[in-house]
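S.K.: quick one: sequence and predicted model below, then my questions.
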Amino acid sequence: MHDDREIVEHRLRRVLSERVKPAVYSASVPLAVQRWDAPGEPPPVAEGLAAAYRPAGAGDAWGPAWGTTWFKVTGQVPGAWAGRTVEAVLDLGFDRMMPGFQCEGLVYRASGEAVKALNPYNDWVRINERAEGGEDVELFVEAAANPVLVHHGPTREGDRTTASDRPLYRLARMDLAVFETEVWELVQDLEVLQSLMAELARDDARRHAILRAVERALDALDLTAVAGTAARARERLAGVLAAPAHASAHRISAVGHAHIDSAWLWPLRETVRKVARTCSNMVSLMDDHPELVFAMSQAQQLAWIKEHRPEVFEKVKKKIGDGQFVPVGGMWVESDTNMVGGEAMARQFLYGKKFFLDEFGIETKEVWLPDSFGYTAALPQIVKLAGNTWFLTQKISWSQVNDFPHHTFWWEGIDGTRVFTHFPPIDTYNADLGGEQLAHAARNYREKGRGTRSLAPFGWGDGGGGPTREHLARARRTRDLEGSPRVEIERPDAFFDKARSEYEDAPVWQGELYLELHRGTYTSQAGTKQGNRRSESLLREAELWAATAAVRVPGYRYPKPDLERIWKTVLLHQFHDILPGSSIAWVHREARETYARVCDELTALIAGAQGALAGEGGTEVVFNAAPHARGGVPGGGAAPAAAREQAQAVAVSPRPGGGFAVDNGLLRVEIDGRGLITSAYDVASRREAIAPGQAGGLLQIHPDFPNMWDAWDIDAFYRHNVTDLVDVDEITLAESGGGRVSVRVFRSFGDSTVRQTFTLRAGSKVLDVDAEVDWHETEQFLKAAFPLDVKADRSAAETQFGHVYRSTHTNTSWEAAKFEICAHRWLQVEEPGWGVALVNDSTYGHDVTRDMRADGGQTTTVRLSLLRAPRYPDPQTDQGRHCLRFGLAPGAGVVDAVREGHRINLPERTVTGAGRTVEPLVSVDDDALVVEAVKLAEDGSGDVVVRIYEAAGARTSGTLTTGFPLAEAIETDLLERPLPDASGHPVTGGGRVDLTLRPFQILTLRLCRGAGSS
């Protein structure tokens, strides 16, 4: 037989695109269109419906960036259409090459009821399945002119304060039309078979069987009367569509999904509307397709529609009850996991799961994080303690260098906890269920021979409107289709139950899930990151002192509503495109403003609680919110300033050749005439921290122009060029006396300036560095380098509730790919018996390298990533003034690093009062057992909840002592519910509880107050 395959396939492509698809709508009549251009921010729906409209029509331009235009469309179904299916086709001017990321609309009835959204692949509204002639049509469309910002170039359209006022869109088709159901079904048949054929081998008999069936269908189709002959064409395809899948075919659990970034290339306020549109779409689609299961994460997004679109929320709530709409994830938002602090990560689950329980009575079991930029090794334990059993992500498939070896596996965290985990091999969280993607999932699946199934989240996200009726048609046809994986729409928990039951002995991956991409997100938008860190620290303080005051001071009321509201604000801003710094200018401008308000509110709450505790009077009282004692003030307590321990004074002298030598008896530091640290000598250990012939505190600047993803990425080649900032404008002795000495260094470079202040305090083994940078560079990367005389094969970096080790060498591609790493408050390197730590107050990005010297020693260089200046999506990223603090701690072990990391993030506060000592509400007698949080219980019982973790990575025993009568200590999960399998914690005399924690264990205790407690 002659090979005419290409001819038939070409024929199919043309007939499908030029004749069959256009025939889905046959007869049509234009709708009358009116418009109202809303001034300013989006108005309430009632205002939009009642506005004064003016005439408009197809072809009209509309929508300056971020504007809202309301359209009113009216018409009447022609009498000749009686009994036929009629739809309104409302094309706002969509770009069909993108499923989202552009204009969108939400359709309303005159009553204010939301009907469904309008999106590029979903621009229709069903008027009637069997229309009546003369039937009136009246619809309103709230249209959002969101600018297209996906082109990876600098733009001023990313903030309403700088965006242009030119119209971005032009109304296209606004018609009533007859929907030809049989033609639409033919389109679905042909598209499924077309995409299946393309994935089959050219010599596969199945491919040729489909080809001949398609040819017969095209022969049966009259191109001048497609609607009348579509059924006949479909009959020719029935046989190949009925052929069952192979017994060994891969099984795909398809879960409807619409990944909606809570902010990214649009502001938070627009996400509220995106969620309402998508949820309206899903409810409407579920009404017509009871087989649809749609999974939605992020409690914040459901809370938004409850507040802003309560009628949509009620519909969603009903579908949740029906089992079609499935809340997943159990987190407040799909947060970043690299930089979020330990307690904040716990609160993501506490408030996320609590919302789902309170609103829907649902206990979510899966963690759903398809798009975050890597996953902390602390997460498995947090996941388990939140009552979850499964974890899903997709993002690791984006890694540049190494292919992750598993799709289904057990993920083991730093403490040994394991969680059953799945990476969908379809390699997208916006699947279209087309033949190409389904075939890729089957081929790509790495567990063949052991497992048989994977999950596919399908639907258009980020304003695309979610799953469509076309997606569901593909799922129906591929449920049992020869040559295709078997596709079944089902709930995520059904997939995980089946996957685990067939693959209980799945392989184990230990440690972090490091994304070999988007490493620049540890540094971009320093103001946002600083706001996050400071908010986390202030929340710790506010809860600690408020809980202490509530227990100790009669009449003091614990401000739970305020704390919960502020926590949720901070958690929202930990979303994986806000905290990482990868959103538009509008988002980060608002984030900085929000963090400033949060700081003011929390500072007031702290002051109120401390004032209640300190009492009336004029004596200075020092409050220490850190978990460790300092200067004689216990961790979590307060003492009169006069009672503080006095340390040896700090001496300072000029150095020959310029600079200063500073000595406090514990640490001797030399700062040369260039303003660089040439010596940091640990007196007790008689060890020099700075490598011979080198200098610490060295600012270095690199060109920073990655291959793509400006705000997200740094590529390894940035290291090929570096400029050391060694020129100094001025060096002065800024402060001497009062228990500290400060040396100030002024530099200028490019269009920027920096003032570095090096401070050594009495009694401290840390040299603090304050860098005040007025930053006006573009596409540059600023780092602070500390070359250390330490032979370290690995670094320890703080993560949530512990630390993670990473190699300093590059033996393998996996290690080499980690050329930029994340640390929280500290990073430490050591050789047996002695180490050095770098601590910081708001920096996350670091790199650690090693070099051998001519003298045979090893230099381990630790660098902090201070500032970047990418131009997309925010062209003004990080421009302006920044105050960054970090510190060098020679001789520091891991527990020392933990202590100093808390010190730099939780400065003491001095208030005036009665001069009384405030005993800690809770204390632990071993510094490796760290009190992470002290608060009152969520249930309003007045119980004290304390969260402790083991920080050294070793089994550690100690005694917890309460500063109030203690009746009972109950171990709980993160939602403060008793753990059924927990070991008991008996209370001994004096409110003491003996503890033994395994390495990096997190322990949450509910401390029930006994008689005599206020």
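M.R.: Looks like it came in fine.
S.K.: okay, CA-based contacts and neighbour counts for the rest of this
M.R.: OK.
S.K.: need the three-state assignment for A982.
M.R.: Under DSSP: H, G, I helix; E, B strand; the rest coil, A982 falls in the coil class.
S.K.: and stretch 612-623, how far apart are its ends?
M.R.: Distance between the two ends of stretch 612-623: 13 Å, counting by C-alpha to C-alpha, to the nearest Å.
S.K.: buried ones in that stretch?
M.R.: A612, L613, A614, G615, T619, E620, V621, V622, F623 (16 or more other C-alpha atoms under 10 Å).
S.K.: go through these and say which is closest to R534.
M.R.: F623 (17.3 Å; C-alpha to C-alpha).
S.K.: list the contacts for the residue nearest to the closest one when sequence neighbours are not counted?
M.R.: In this structure, F623 finds its nearest non-sequential neighbour in A638, 4.2 Å apart by C-alpha to C-alpha, 6 or more residues apart in numbering. A638 is in contact with V621, V622, F623, N624, T917, V918, E919, P920, counting by C-alpha atoms under 8 Å, 6 or more residues apart in numbering.
S.K.: gap between G657 and V946?
M.R.: For G657, the distance to V946 - C-alpha to C-alpha - is 54 Å.
S.K.: the two: which has the busier surroundings?
M.R.: A direct count of neighbours by other C-alpha atoms under 10 Å for G657 and V946 places V946 higher, at 22 against 9.
S.K.: report whether the expected contact of the more buried one with L1005 is present.
M.R.: Yes. If you go by C-alpha atoms under 8 Å, V946 and L1005 touch, sitting 5.4 Å apart.
S.K.: for the chain, which helix is longest?
M.R.: helix 585-614 (DSSP state H).
S.K.: L106 contacts N122, correct?
M.R.: No. Judged on C-alpha under 8 Å, L106 makes no contact with N122 at a distance of 11.3 Å.
S.K.: who touches both of these two?
M.R.: With contacts defined as C-alpha under 8 Å, 6+ apart, no residue is shared by L106 and N122.
S.K.: for L605, list the residues it contacts.
M.R.: So L605 contacts A542, A546 (C-alpha under 8 Å, 6+ apart).
S.K.: ok, it to R565 distance?
M.R.: Distance from L605 to R565, by C-alpha to C-alpha: 13 Å.
S.K.: cool, and V862?
M.R.: For V862, the distance to R565 - C-alpha to C-alpha - is 38 Å.
S.K.: these two: which is more packed in?
M.R.: Set V862 next to R565 and count neighbours by other C-alpha under 10 Å: V862 wins out with 26 against 11.
S.K.: before we move on, the earlier item: ok, so of the buried residues of stretch 612-623, who is nearest R5?
M.R.: Using C-alpha to C-alpha, F623 comes nearest to R5 of the buried residues of stretch 612-623, at 80.7 Å.
S.K.: how about the closest one, what does it touch?
M.R.: By C-alpha under 8 Å, 6+ apart, the neighbours of F623 are Q610, V633, G636, G637, A638, A639, E908, R909, T910, V911.
S.K.: and for A217?
M.R.: The contact partners of A217, by C-alpha under 8 Å, 6+ apart, come to R232, A233, R234, E235, R236, L237.
S.K.: quick one: which of those residues sit in helices?
M.R.: R232, A233, R234, E235, R236, L237.
S.K.: list buried residues within these.
M.R.: R232, A233, R234, R236, L237.
S.K.: let me have these in CSV, extended by pLDDT and distance to F964.
M.R.: Output for these, formatted as CSV (pLDDT from 0 to 100; distance: C-alpha to C-alpha, whole Å):
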residue, pLDDT, distance to F964
R232, 98, 83
A233, 98, 81
R234, 98, 78
R236, 98, 81
L237, 98, 78
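S.K.: how near is S764 to A889?
M.R.: 9 Å.
S.K.: tell me which of the two has more neighbours.
M.R.: Higher neighbour count among S764 and A889: A889, with 25 against 19, using other C-alpha under 10 Å.
S.K.: correct me if wrong: that one contacts W834.
M.R.: No. Counting by C-alpha under 8 Å, W834 is not a contact partner of A889; they are 11.2 Å apart.
S.K.: burial count for P425?
M.R.: 25.
S.K.: what does N707 give?
M.R.: By other C-alpha under 10 Å, neighbour count at N707 equals 9.
S.K.: so what's it closest to, chain neighbours aside?
M.R.: N707's closest residue in space is D715 (C-alpha to C-alpha, 6+ apart), at 7.3 Å.
S.K.: tell me where the model's unsure across this protein.
M.R.: The model of the chain has pLDDT under 70 over residues 1, 1012-1014.
S.K.: where exactly do the helices run in the stretch 251-400 of the chain?
M.R.: In the stretch 251-400 of the chain, the helices defined using DSSP state H, counting those that start in this stretch lie at 268-288, 299-308, 310-322, 342-360, 379-385.
S.K.: and if you look at the stretch 701-850 of the chain?
M.R.: Ranges of helices in the stretch 701-850 of the chain, per DSSP H, counting those that start in this stretch, are 813-816.
S.K.: and K354, how far from V934?
M.R.: From K354 to V934 the distance is 19 Å (C-alpha to C-alpha).
S.K.: more neighbours: which of those two?
M.R.: Applying other C-alpha under 10 Å to K354 and V934 shows that V934 carries more neighbours, namely 25 against 21.
S.K.: enumerate every residue touching the more buried one.
M.R.: Taking C-alpha under 8 Å, 6+ apart, we find V934 in contact with R540, E543, L544, A547, V922, V944, V945, V946, R947.
S.K.: so is the nearest residue to it once chain neighbours are set aside in a helix, a strand, or just coil?
M.R.: Closest residue to V934 apart from its sequence neighbours, by C-alpha to C-alpha, 6+ apart: V946 at 4.6 Å. What three-state DSSP gives for V946 is strand.
S.K.: returning to that earlier point: now whichever helix or strand comes after the longest helix of the chain against helix 585-614, angle please.
M.R.: Using DSSP states H and E, the helix or strand that follows helix 585-614 in sequence is strand 619-624. On the basis of axes from the mean of the first three to the mean of the last three C-alpha atoms, to 10 degrees, strand 619-624 is oriented at 130 degrees to helix 585-614.
S.K.: isn't P167 right next to A65, touching?
M.R.: Yes. Counting by C-alpha under 8 Å, P167 touches A65, with 7.3 Å between them.
S.K.: which one of the two is surrounded by more residues?
M.R.: Comparing P167 with A65 by other C-alpha under 10 Å, the one with more neighbours is A65, at 24 against 15.
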